[in-house]
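Undergrad: What shape does this take:
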Amino acid sequence: MTLDAFDHEKSARITAVDWAALAEDEGKRLKALGVDEGAEVSVIHRGVFGTRDPLAIRIGRMTIALRRAHALAIEVEPV
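TA: Model prediction:
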């Protein structure tokens with residue numbers, strides 16, 4: 001399941017990231033923020049408009065905003 005489809009406020013572990021689906025600079029930024037295989041994340045907020053963009057995710061003690069297109073490239077499993 002991809003991160004954009006994952007349940008709100010539940011914990012997940014990143015199982016894979018499709019780095020080829022992301023621009024190189026976007027991938028580097030996400031890696032620098034800790035978004036990589038094995039990291040534990042949770043979706044804490046979704047946008048309210050039609051695309052539900054952006055998503056706010058918690059990774060460690062940090063909260064970051066992701067576009068839905070980025071969340072589609074991140075595969076997760078429930079913890």
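Undergrad: what about Ala73, neighbour count?
TA: 21 (other Cβ atoms under 10 Å). (Glycine included, C-beta is placed from N, CA and C.)
Undergrad: Verify the stated contact: Thr51 with Ala71.
TA: No - the criterion here is Cβ atoms under 8 Å, and Thr51 misses it with Ala71 at 11.2 Å.
Undergrad: more neighbours, these two?
TA: More crowded of Thr51 and Ala71, by other Cβ under 10 Å: Ala71, with 22 against 11.
Undergrad: Now do the same contact list for that one.
TA: Thr2, Leu3, Asp4, Leu55, Ile57 (Cβ atoms under 8 Å, 6 or more residues apart in numbering).
Undergrad: how much space between the nearest residue to the first one once chain neighbours are set aside and Gly60?
TA: In space, not counting the residues next to it along the chain, Thr2 is nearest to Leu72; the distance is 5.2 Å by Cβ to Cβ, 6 or more residues apart in numbering. Leu72 sits 22 Å away from Gly60, going by Cβ to Cβ, to the nearest Å.
Undergrad: In terms of neighbours, single out the busier of these two.
TA: The residue with more neighbours, out of Leu72 and Gly60, is Leu72; 16 against 10, by other Cβ under 10 Å.
Undergrad: so where's this protein shaky on pLDDT?
TA: Along the chain, the parts satisfying pLDDT under 70 run over 50.
Undergrad: residues near Glu26, how many?
TA: 16.
Undergrad: can you confirm it is in a helix?
TA: Yes - Glu26 forms part of a helix when assessed by DSSP: H, G, I helix; E, B strand; the rest coil.
Undergrad: what residues are up against it?
TA: His70.
Undergrad: which residues in this structure form strands?
TA: For the chain, the strands defined by DSSP state E occupy 11-17, 40-46, 55-59, 62-66, 74-78.
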